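Trainee: After the sequence you'll find the predicted model.
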Amino acid sequence: MAQFVNQGNKGFPSNTTIGEYLRVTITPAGAAATIVQGTPVVTLAGIADEDIGVTTRAVFTTTNLVGGTQSGYVDVRLRSAGGTSQYTANGAILCGANVYTAAAGLISSSAASTSTLIGLALQSATNSGDIIEILPL
């Protein structure tokens, strides 16, 4: 049976613990998607990965007693959602700066050769791990 989402968020399974406000992807560069109960598994997006959105809260994996596999569900604010989103910075970012993809699901104000423009910072970040509001471009 086909599914669809008519809102800005969707739940996805994850095989690893993922923090909140981090970029996630279904298929990391050069890999095939993993499917759990008909739904693709998300992982942290790397600097060159095209993300599907940003987590809105942390997910903690649990061991499934039947199969011994780890799984948990994470809520993702989809890139196609309207409005602004919160992201986690990998360092200092000035308000009004363009922000780009960075490693480990983070964002940066520095454009690397493999990074992609995400949007415009509506708040400043002082340290790595700061959460700021981004206007998608």
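Mentor: Thanks, I have the structure now. Numbering: from 1, shown residues only.

Trainee: and after the stretch of helix or strand Lys10 belongs to, which helix or strand comes next?
Mentor: Assignment of secondary structure by DSSP states H and E places Lys10 within strand 9-14. Once the chain leaves strand 9-14, the next helix or strand it forms, by DSSP H and E, is strand 23-25.

Trainee: which residues in this structure form strands?
Mentor: 9-14, 23-25, 35-36, 39-40, 43-44, 53-55, 62-63, 70-78, 85-88, 98-101, 107-108, 117-121, 131-136 (DSSP state E).

Trainee: Comparing those by mean pLDDT, which bottoms out?
Mentor: Among those, strand 62-63 has the lowest mean pLDDT, at a mean of 61.

Trainee: and the residue nearest the centre of the chain, what does it touch?
Mentor: Nearest to the mean C-alpha position of the chain, counting by C-alpha atoms, centre = their mean, stands Arg23 at 1.8 Å. Residues in contact with Arg23 (C-beta atoms under 8 Å, 6 or more residues apart in numbering) are 44-45, 49, 51, 53-54, 87, 101, 105-107. C-beta: built from backbone N, CA, C; applies to glycine.

Trainee: Show me what the strand holding Lys10 is packed against.
Mentor: With contacts taken as 3 or more C-beta pairs under 8 Å, 6 or more residues apart in numbering; DSSP states H and E, strand 9-14 sits against strand 39-40, strand 70-78.

Trainee: Switch the ones you listed over to a markdown table; also include distance to Leu120 and mean neighbour count.
Mentor: Conversion of these to a markdown table gives the following (distance: least, C-beta to C-beta, whole Å; neighbours: other C-beta atoms under 10 Å):
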| stretch | distance to Leu120 | mean neighbour count |
| --- | --- | --- |
| strand 39-40 | 29 | 16 |
| strand 70-78 | 17 | 18 |
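
Trainee: Distance to Lys10 added to the ones you listed, as a markdown table?
Mentor: Formatted as a markdown table, the helices and strands packed on strand 9-14 follow (distance: least, C-beta to C-beta, whole Å):
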| stretch | distance to Lys10 |
| --- | --- |
| strand 39-40 | 9 |
| strand 70-78 | 6 |
